[in-house]
Every structure is written in structure tokens, then in C-alpha cells.
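Q: sequence first, then the predicted structure, then my questions.
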Amino acid sequence: MIVYVGNIISGHGKTATTIETLGKLLQKEGFELQLTSNKQNKIFRLFDMLWTVFKHRKKIDYVLIDTYSTTNFLYAYYMSKLCIWLKLKYIPILHGGNLEERLKHSKAKSDVIFKNAYANVSPSLFLKTIFERYGYTNLKHIPNNVELKEYAFKQRTSVKAKLLWVRSFAEIYNPKLAVEVLHSLKQNGVEASLCMVGPKKDDSFEKTQQLAKKLAVEVTFTGRLSKQDWISRSAEYDIFINTTNFDNTPVSLIEAMALGMPIVSTNVGGIPYLISDKEDGLLVKPNSKEDMIQSIENLVNSPEMVENLSKNARKKATTFDWEVVRNQWKSLLV
């Protein structure tokens, strides 16, 4: 039996996290899984996680722990302490793009979590490299995955500046930059549109809406959409933009690659480990409106570039297909 610990929050209007996607896929592979927790209150959620592990302690083979860099880091710490006390094998799955700050400033807690783990799974080669730099050795790279069959490939050739942005509205993802890019493209005489898909995480949602109103540009804000709905919506758009100032290996970029959308993304964190500049996407300096605009205009004016990026992006996305990734999980858990 496997107990998978993480934030089951899609029922609270948030984007589904890895526990909800990977958990279902592992269940389909025949693993007996207990998922925890869907409690909205963070304290109740922690106690639910701890109690679930304790309750099933005699049947557990592994405990999987989604590990982030903010409040969830403390969940991982207390879960690790419990697993060590109960002599259970546990596996942190490293998600937080800002986990390096924890390695720097919470060394004692980090050592408890990561040095005592059966293995530390890093979906990102970027994070794996950072952890190795800090002296951790029990690391295994298993990439984020998509079910490729769910993503209908559309070979893009000539494109317009029909921009799609998919992410939670959070300050670190810099959503306002997308609106600024749209405004400047229009100022440059480029026919452009923008759709922003994602739930509110902080007040950057309201700030982005206010900026669109101030600049007098029309932006489609859909709020949170199901995966099927935003995939369907993507057929109406040509270019996927990612404006983040800080990131790891976002699944939304892998999904855009699977759909064959040419991507313009900031070159931060783990993104250059995912996208090869000018091969399967375009990378620009963070928070650089000018660079992003230039890249979008280059795509609009270069059908050959678009065709190559679209084709190569889909090819790279095949390496993240569950049909490939599931074997790596099986070899770890069986």
C-alpha cells in the first residue's frame, strides 16, 4: 500500500496538483493508493495527513510526499519525522522552484527530510542539479508527465499574435507582463489578442485586470478551466506565452508543447532544462517586455520557424508521455 500525501485542492476551485494527477495514474497501474488530504484548513490538512499515515502504518510500503517550498515544506518535515519514527520508507517528490532557499536557510529541517528519505524524486533536472550541489545523493529524476493521447497535435505554420497564457494568477508568475505585451503589440500595429486561463492565487488577478482596463486592451479572463476545456480553447490561439519570474518545470509548458504551440517563455529556473532555445521554443530575459514582443513578432513573420518549433515541441513532449514515465515509477515502487 502507498499513502500519497499532498494538497488535494481542485475541489476548492484551485488547479489540480500532482497528487491528483499522478495519484490517479498510479492507481490505474494497479497500485493500492490512499490519498490525503483535501481539508481546506491548513492545520486540519496537516493533522489529516499525519493521521492517515499513522492509521495505515502496518500496511504501508511507501509514503509519497509532495514537497514544496512554502507552507507545504513544513508538511513534508512533519511527515518525514513521523515516517522516521514509524520506520516507514518515504519519498519526497520535489516541486518547489524555491526549494533552494529552504536548503540554504532551513538546513536542519532539509537534512531531516531529504537525507532520511528512501529516495528523493525530482521531476526537474534543474532541482536535481541544485540538490546535488548541496550534497544530497539519493536523488532520482522522474519527469513530470502528460497523457499524450489527450493532446491533439496541431501543426502550426503561419501564425498571428493570438496569445494564450495558462497559469495560476500569482505574483511570481508575473501575469501583468502578458497584458503589457499585448498593449505594446497593438501599439506597434500588430493584430493581437490574449486569453489568460487560471484561478486566482493572490491579488495579482485583480491587478492584472486593472492594468488591462487602464491600458484599454481587451483580455479574455476565463478563470479556472478544466484541462479538457483549456485544451479545447487552445485551438483558437497560436502562441503560448509564459511570463514567470521564477519557475521549475511547469506542466503547462509540456502541455503546450504537446499541442504543438510555439512557446515564448522567460528563461528562468528550470525552464532552460525543458526548452531548448530556438529549437522547440523561444527563451527571453525575465520581465523583458521588449524581448517577448520581438520574439512574438519574429514568429508572426517567420512561418518556417513556427513550423520547426511546433514539430520539435511535440517531439520533445513525447518524452514526458505517461507511457514512458510510468516505467520509471514502477521500477522505483515495485
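A: Sure, I can see it.

Q: from here on, just use CA atoms for contacts and neighbour counts.
A: OK.

Q: please report how far the spatially most central residue of the chain lies from residue 45.
A: The residue lying closest to the centre of the chain (C-alpha atoms, centre = their mean) is residue 250, at 2.8 Å. To residue 45, residue 250 is 25 Å away according to C-alpha to C-alpha, to the nearest Å.

Q: same thing with residue 206?
A: 28 Å.

Q: between these two, which has more neighbouring residues?
A: Between residue 206 and residue 45, counted using other C-alpha atoms under 10 Å, the more crowded position is residue 45 (19 against 12).

Q: residue 274: what's it in contact with?
A: Taking C-alpha atoms under 8 Å, 6 or more residues apart in numbering, we find residue 274 in contact with residue 249.

Q: quick one: low-confidence parts of the protein?
A: For the chain, the stretches flagged by pLDDT under 70 are 11-14.

Q: hang on, the earlier thing: pull the number of nearby residues for the residue nearest to the residue nearest to the centre of the chain when sequence neighbours are not counted.
A: Distance criterion C-alpha to C-alpha, 6 or more residues apart in numbering; nearest residue to residue 250, sequence neighbours excluded, is residue 271 at 7.9 Å. Neighbourhood size, residue 271 [other C-alpha under 10 Å]: 22.

Q: ok, residue 271 - contacts?
A: 247-250.

Q: now the buried members of these.
A: 247-250 (16 or more other C-alpha atoms under 10 Å).

Q: would you turn the residues you listed into a markdown table with distance to residue 126 and secondary structure?
A: Below are the buried ones among the contacts of residue 271 laid out as a markdown table (distance: C-alpha to C-alpha, whole Å; DSSP: H, G, I helix; E, B strand; the rest coil):
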| residue | distance to residue 126 | secondary structure |
| --- | --- | --- |
| 247 | 10 | coil |
| 248 | 7 | coil |
| 249 | 8 | coil |
| 250 | 12 | coil |
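
Q: sorry, back to before: could you check how far the residue nearest to residue 250 is from residue 220?
A: Plainly put, residue 271 is 26 Å away from residue 220 if you go by C-alpha to C-alpha.

Q: next: residue 51.
A: In terms of C-alpha to C-alpha, residue 51 sits 43 Å off from residue 220.

Q: could you measure from residue 326 over to residue 85?
A: When residue 326 is compared with residue 85 (using C-alpha to C-alpha), they lie 30 Å apart.

Q: ok, for residue 99, nearest residue in space, not its chain neighbours?
A: residue 69 (4.8 Å).

Q: ok, that neighbour - how many residues close by?
A: When neighbours are counted by other C-alpha under 10 Å, residue 69 comes out with 18.

Q: does residue 180 count as helix, strand or coil?
A: Following DSSP: H, G, I helix; E, B strand; the rest coil, residue 180 is assigned to helix.

Q: begin at 492 from here
A: With the count now opening at 492, the last piece we talked about shows up as residue 671.

Q: for it, what are its contacts?
A: Counted by C-alpha under 8 Å, 6+ apart, residue 671 has contacts residue 780.

Q: residue 554 against residue 496, yeah?
A: Yes: counting by C-alpha atoms under 8 Å, residue 554 does reach residue 496; the two are 7.2 Å apart.
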